[in-house]
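1. sequence-free structure coming up:
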């Protein structure tokens, strides 16, 4: 069996680490970035120096800012750009996609796969699979062709649209990542997006501290105090309630910490304080960061929007979206993934489930 | 003319400073506190040691935890307890009030005088005047019979219910405080409550910093960064819009800084950074502080509640109220001064104005 060829889209922190690791695992890897500047050091070296949990020089098959070249021979297209860029990337990719290709959003944040799917299905001739993970597999940092993997997560779940293709994608990806398991559908991966809880609110509730110290404090251990943790717990209850309304048995942030890091506690504050993996992680240096500009429109807005449609109040989440909109002087409600933008407005939970799971006839044919 | 006798209600930071200063000005002063513990040092000394802008040992006429004794001979009752205690204090005072007495809430926060007035008018035999100031006249700290006045504000405005009695109260108070001027009505003093902008949001948006440093940072200069100031500007626009809907030409926080501290700037962040009076002022040591438990229910909730009734959206203020409710695990909406609690529900701006200004017949009689 021929090994799949990977195309990694986005040469940021995550993309460089993923491309390097896949290459060191023996796969053929193309790396794409929209701007050439980010690729210069990698082009000069012909690859990426990887350190941390995995070490070595990772030679890449192709390093390019040309999307067509980047994906034309790829079996699996790993998208690692911020979710706020998913839509643009989908449109850029669209004319060059070929039947049989697998696209994986790492991660989708909330409803990333649905957004991508809606764009891709504009080409009716095309038969590709859109998948998303619930979290990014690496904790890593990268800079100018030097990537460092702090940790590879033990458990990542993935789902595809339609969901009966999930196992096929997971089986293929297991050649690289044994940690990836199948989720029931993309509603599960989207609603189990714990970043929606851990990213925007602690950043926002430390706005002045970030702006006056350039983020020079421990994001989790100092930035999430007992009171901040209480706000996160409320947001988490709202997220889980929306998930339940969609028929998704979502995991709480507390249980996620237990499953992911083995931390047992009866409240979020203590659990975070006892998570070794969070030691030493500093806050973003500015408020112009993914924790706001990605997670607010692409995680919180869709949770709130679908919640409103299904009659679930998300007042705490809404407050954070509003305050983020104030500080960035942007309307994140408008920019975000609302039910209207996702083509889900007016649909019931059952109808939404049917859309992402695919019709039964297809399932039988496969 | 006999000098008025003052009764100062509440021996906290403000009450101790005010009682001491009034005494040093030559007035007879009684000091009341509900709990005797706070009075012990003052009782032992027979008065208060005052330092800062005014210095000296201030002997008090009476130091008591008995409300009847404290107010029975008083001409002016200066209430200095947090606004969250106004209602309790009003009920405690009610049986002992006498015709002709003047009650001044220092300050009323938002709609303190209306709340107090509604309680006091339960005794139909009684003819007293309820007044409120827009801000507390001192910047001060007190502890165990030692008070320090950092600064006496240049301008304090006051209004009474009914408002045609305002000038009479201001004239009497001018014997002590030449800074006090007449406001049009208590809607003006209540809506010009700048503490509603400067207290809850910066505290909340520095929650983790307060909890992890015990408030060891400069509240205004470090706690109000450019992004926090943007949120305050939004809240301020909402407050001013509600005021306009009530027919009050409220001052913006920016203009208030200009008027109060002579700071000229075109944005709130720069204005605050350039306010010398804010240098060195540290944050509260915990989140269990007046900036939240007083200002959220007694300033923000009434602004939001009256705004909703008059069709003015206060989404930023509402977000702060909600997040404060989360961190204190209290429903500040329920605890706060809503239009229902104030007896103003369903009333138009004109009707509310009539209530606080008093009917014209009375005005003619006076």
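-> It's in. All of these numbers come straight from a predicted model, not from anything done at the bench.
2. contacts, neighbours, all on C-alpha from now
-> OK.
3. how about residue A:148, nearest residue that isn't a chain neighbour?
-> residue A:51 (4.7 Å; C-alpha to C-alpha, 6 or more residues apart in numbering or on different chains).
4. typo on my end, residue A:242
-> In space, residue A:242 is closest to residue A:307, 5.2 Å off (C-alpha to C-alpha, 6+ apart).
5. can you check residue A:335 too?
-> Nearest to residue A:335 is residue A:297, by C-alpha to C-alpha, 6+ apart, at 6.2 Å.
6. okay, and the helix or strand of chain A with the least pLDDT?
-> Sorting the helices and strands of chain A by mean pLDDT, DSSP states H and E puts helix A:360-365 at the bottom, at a mean of 45.
7. got the domain boundaries for chain A?
-> As given by automatic domain parsing, the domain ranges for chain A are A:6-191, A:195-335.
8. got any ranges where chain A has weak pLDDT?
-> By pLDDT under 70, the low-scoring segments of chain A are A:1, A:359-366.
9. strands of chain A, start to end?
-> A:6-9, A:29-32, A:47-52, A:56-59, A:62-64, A:76-79, A:102-105, A:129-133, A:138-143, A:146-152, A:156-161, A:180-182 (DSSP state E).
10. got CSV for those strands, with mean neighbour count too?
-> What follows is those, written out as CSV (neighbours: other C-alpha atoms under 10 Å in any protein chain shown):
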stretch, mean neighbour count
strand A:6-9, 27
strand A:29-32, 28
strand A:47-52, 22
strand A:56-59, 19
strand A:62-64, 21
strand A:76-79, 25
strand A:102-105, 24
strand A:129-133, 29
strand A:138-143, 19
strand A:146-152, 19
strand A:156-161, 27
strand A:180-182, 20
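11. okay if I get these as TSV plus distance to residue B:314?
-> Below are those laid out as TSV (distance: least, C-alpha to C-alpha, whole Å):
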stretch	distance to residue B:314
strand A:6-9	42
strand A:29-32	45
strand A:47-52	49
strand A:56-59	54
strand A:62-64	49
strand A:76-79	40
strand A:102-105	38
strand A:129-133	38
strand A:138-143	40
strand A:146-152	44
strand A:156-161	40
strand A:180-182	44
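12. for the residue of the stretch 51-200 of chain A found nearest chain B, give me its contacts.
-> Among the residues of the stretch 51-200 of chain A, residue A:200 lies closest to chain B, at 12.7 Å counting by C-alpha to the nearest C-alpha. Neighbouring residues of residue A:200 by C-alpha atoms under 8 Å, 6 or more residues apart in numbering or on different chains: A:291, A:292, A:295, A:296, A:320.
13. switch the cut-off to 10 Å
-> Contacts for residue A:200 (C-alpha atoms under 10 Å, 6 or more residues apart in numbering or on different chains) come out as A:232, A:287, A:289-296, A:299-300, A:317, A:320-321, A:324.
14. how near is it to residue B:122?
-> If you measure residue A:200 against residue B:122 using C-alpha to C-alpha, to the nearest Å, the figure is 49 Å.
15. picking that back up, number of residues surrounding the residue nearest to residue A:335?
-> 27 (other C-alpha atoms under 10 Å in any protein chain shown).
16. the one 5 residues further on now?
-> For residue A:302, the number of neighbouring residues by other C-alpha under 10 Å comes to 26.
17. residue A:261 - nearest residue in space that isn't next to it in sequence?
-> Going by C-alpha to C-alpha, 6+ apart, residue A:261 has residue A:275 as its nearest residue, at 6.7 Å.
18. next: residue A:47.
-> Counting by C-alpha to C-alpha, 6+ apart, the residue nearest residue A:47 is residue A:59, at 4.3 Å.
19. hmm, the one you found is touching residue A:16, no?
-> No: the pair residue A:59 / residue A:16 is not scored as a contact, 11.6 Å apart, by C-alpha atoms under 10 Å.
20. OK, contacts around the residue nearest to residue A:335?
-> A:83-84, A:109-110, A:196, A:303, A:321, A:324-325, A:331-338.
21. mind listing which of these are in helices?
-> Using DSSP state H, A:196, A:303, A:321, A:324, A:325, A:332, A:333, A:334, A:335 are the members of those that sit in helices.
22. which one of those residues has the most neighbours?
-> residue A:303 leads the ones in helices among the contacts of residue A:297 on contacts (other C-alpha under 10 Å) with 31 neighbours.
23. distance-wise, check that residue relative to residue A:236.
-> 11 Å.
24. overlap of the contact sets of the two?
-> Counting by C-alpha under 10 Å, 6+ apart, the residues touching both residue A:303 and residue A:236 are A:196, A:242, A:314, A:317.
25. tell me where the stretch 251-366 of chain A has helices.
-> For the stretch 251-366 of chain A, helices defined by DSSP state H, counting those that start in this stretch occupy the ranges A:253-261, A:268-273, A:290-293, A:295, A:301-309, A:315-328, A:332-335, A:349-357, A:360-365.
26. would you mind finding the most buried of those helices?
-> helix A:295 (a mean of 27; mean count of other C-alpha atoms under 10 Å in any protein chain shown).
27. mind giving me the packing neighbours of that helix?
-> helix A:195-198 (3 or more C-alpha pairs under 10 Å, 6 or more residues apart in numbering or on different chains; DSSP states H and E).
28. other residues contacting the helix it packs on?
-> A:109-110, A:134-136, A:190, A:219-220, A:224, A:229, A:231-236, A:239, A:253, A:291-292, A:294-301, A:303, A:317.
29. that helix: how far from the chain's middle?
-> Relative to its chain's centre, helix A:195-198 lies at 11 Å (C-alpha atoms, centre = their mean, to the nearest Å).
30. swap in stretch A:329-338?
-> For stretch A:329-338, the distance to the chain centre is 18 Å (C-alpha atoms, centre = their mean).
31. check stretch A:214-229 too.
-> With C-alpha atoms, centre = their mean, you get 22 Å for stretch A:214-229.
32. start to end distance for that stretch?
-> Rule used - C-alpha to C-alpha; the end-to-end distance of stretch A:214-229 is 22 Å.
33. just grab the bridge partners of residue A:132 for me.
-> residue A:105, residue A:159 (DSSP bridges).
34. which residues touch it?
-> Residue A:132 neighbours (C-alpha under 10 Å, 6+ apart): A:78-79, A:103-114, A:116, A:157-161, A:166, A:183, A:185-186, A:189-190.
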